[in-house]
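Enquirer: Provided below for reference: sequence and predicted model.
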Amino acid sequence: MTMTETATSPADEFREIGGHFGDLCANARIDSWDDQSPVEEWKARDVVRHLVEWFPAFLEDGAGVVLSPGPSVDEDPVAAWAHFHDQVLSLLEDPASADKVLSNPHIGDIPLLQAVSQFFTSDVFQHSWDLAKATGQDATLDPDRCAAMLAGAEPYEDAMRQSGQYGPRVEVPEDADAQTKFIAFIGRDPGWRPDSSAR
């Protein structure tokens, strides 16, 4: 998904967004990891699993970058994310990364740091909402980033839907706030609440 240009360095951007996701992990109740998330086929821990499982292959296949494996998401999702966060942040802070290019048959050749920001950090941002909702925490997102990501993604909506990675857009009022519109665009019900009877 094409998101948005930012004046913040990719490392600082990830430090903020990935750090917030880490806080959500650390503050989740121990008994909430098997609770339902807004994504029908995911429990709370599967939100973490998604992030730590898809990105390593993307990096290795496209840029020859290998991240070291960390703790199991099933055994310790908090530690799994903490390890993964540190791996990605180290990559972004490494001066040598600025000269690397990621090649992918679907997106072509992109500077590595831009690819991490555009495809992974943005993914962490949107899945922060999923994890917060699943674990009963504050799901408020940065409204400016929501608006910018929505504006960057809308021109690619057809391709996004066809990829199978996004559900149908949820209808919301025209005067809805930026976060509501963004969450609805990526196929989530902004009013989603966990089923208390399933707890």
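Expert: Arrived safely. Here the structure is a predicted model, which means the values were calculated and not measured.
Enquirer: can you list the domain ranges for this protein.
Expert: The record's domain parsing of the chain by automatic domain parsing lists 9-139, 141-194.
Enquirer: mean confidence for the first one?
Expert: The reference is to domain 9-139. Averaging pLDDT along domain 9-139 yields 96.
Enquirer: Reformat the domains of the chain as a markdown table; add mean neighbour count.
Expert: No exception for glycine: its C-beta is placed from N, CA and C like everyone else's. Listed next are these as a markdown table, based on neighbours: other C-beta atoms under 10 Å:
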| stretch | mean neighbour count |
| --- | --- |
| domain 9-139 | 18 |
| domain 141-194 | 15 |
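Enquirer: Which stretches in this protein count as strands?
Expert: 101-104, 108-111 (DSSP state E).
Enquirer: what's in contact with the last one?
Expert: Contacts of strand 108-111 from elsewhere in the structure, counted by C-beta atoms under 8 Å, 6 or more residues apart in numbering, are 98, 100-104, 118.
Enquirer: mind redoing it with 10 Å?
Expert: Here strand 108-111 makes contact (C-beta atoms under 10 Å, 6 or more residues apart in numbering) with 10, 62-63, 97-104, 115-119.
Enquirer: and these, which of them are in helices?
Expert: Using DSSP state H, the members of the contacts of strand 108-111 that fall in helices are 10, 62-63, 115.
Enquirer: right, and the pair among the residues you listed with maximum separation?
Expert: 10 and 62 (15.5 Å; C-beta to C-beta).
Enquirer: Same list, the strands of the chain, but as TSV with distance to residue 179 please.
Expert: Below are the strands of the chain laid out as TSV (distance: least, C-beta to C-beta, whole Å):
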stretch	distance to residue 179
strand 101-104	29
strand 108-111	27
